[in-house]
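**Q** Here you go, sequence then predicted model.
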Amino acid sequence: MAFAKIEDARSLNDEELASEILEGKKKLLELRLLKATGRLEKTHEFKHTRHRVAQLMTVEKERQLLASKESTGSEEESSSSVES
């Protein structure tokens with residue numbers, strides 16, 4: 001099974017992104033429980049799920065940084081126009 005592409009994560013909206021992150025974390029919990037009980041057969045799912053969650057969280061952080069950068073830029077523009 002190939003890794004998911006980050007472009008797929010970037011195409012999601014914010015709500016879908018948050019729900020995908022939550023689903024991935026739940027799947028990791030289930031995988032840990034299966035491993036602890038000795039019923040885990042597909043050990044590669046750990047790596048794939050962690051990779052996907054990391055991609056999703058990276059996209060989420062990129063969007064947060066972009067939003068904060070844009071809001072900081074608009075605050076600077078409004079404060080400079082007030083001074084003029």
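**A** Received it, and whenever you're ready, just let me know what you need.
**Q** CA atoms for contacts and neighbours, from now on please.
**A** Will do.
**Q** which parts of the longest helix seen in the chain are buried?
**A** Assignment by DSSP state H gives helix 44-83 as the longest helix of the chain. Across helix 44-83, burial judged by 16 or more other Cα atoms under 10 Å covers 48, 49, 52, 53, 55, 56, 57, 59, 60.
**Q** Give the other helices and strands that the worst-scoring helix or strand of the chain on mean pLDDT contacts.
**A** Scoring the helices and strands of the chain by mean pLDDT, DSSP states H and E places helix 44-83 at the bottom, with a mean of 87. If contacts are counted by 3 or more Cα pairs under 8 Å, 6 or more residues apart in numbering; DSSP states H and E, helix 44-83 sits against helix 6-10, helix 14-37.
**Q** could you redo those as a markdown table and give each row mean neighbour count and mean pLDDT?
**A** Compiled in a markdown table, those are given as follows (neighbours: other Cα atoms under 10 Å; pLDDT from 0 to 100):
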| stretch | mean neighbour count | mean pLDDT |
| --- | --- | --- |
| helix 6-10 | 14 | 93 |
| helix 14-37 | 14 | 97 |
